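[1] sequence and predicted structure, then a few things I'm wondering about:
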Amino acid sequence: MDPRGKPPVAIELNATLAELLARICAGQETEDYLGVLSKALGLYDLALAARRRGDAVCFVNSRGEAAEVVI
């Protein structure tokens, strides 16, 4: 049960999404697939909010090169 008293909700993943989730979990060396989904949805929400404000979310690599998150 969610700490806010909300019951869990079941979601169905197609094979492609399930494979992507498994690959990300393996890359992060975690079995916490719900944590991975939460982070991914949080990043998506952040990018959408930035776009609504006319801003952008960018990833910056170790060389200082930036890539904008495009949705």
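    Received it, and whenever you're ready, just let me know what you need. Residues are numbered from 1 along each chain as shown.
[2] how far does the longest helix seen in the chain sit from its chain's centre?
    The residue-count maximum for a helix in the chain (DSSP state H) belongs to helix 33-53. Centroid displacement of helix 33-53 relative to its chain, using Cα atoms, centre = their mean, to the nearest Å, is 5 Å.
[3] one more: stretch 61-71?
    16 Å.
[4] from now on call the first residue 45
    Happy to do that; since the first residue is 45 now, the last one works out to stretch 105-115.
[5] buried set for it?
    Within stretch 105-115, no residue is scored as buried using 16 or more other Cβ atoms under 10 Å. For the C-beta atoms, the positions are set from N, CA and C on the backbone; glycine is no exception.
[6] can you give me the end-to-end span of it?
    Using Cα to Cα, to the nearest Å, one end of stretch 105-115 lies 20 Å from the other.
[7] mean confidence score for stretch 82-102?
    Here stretch 82-102 scores 94 as its mean pLDDT.
[8] packing partners of the longest helix of the chain?
    The elements that helix 77-97 packs onto, with contact taken as 3 or more Cβ pairs under 8 Å, 6 or more residues apart in numbering; DSSP states H and E, are helix 59-71.
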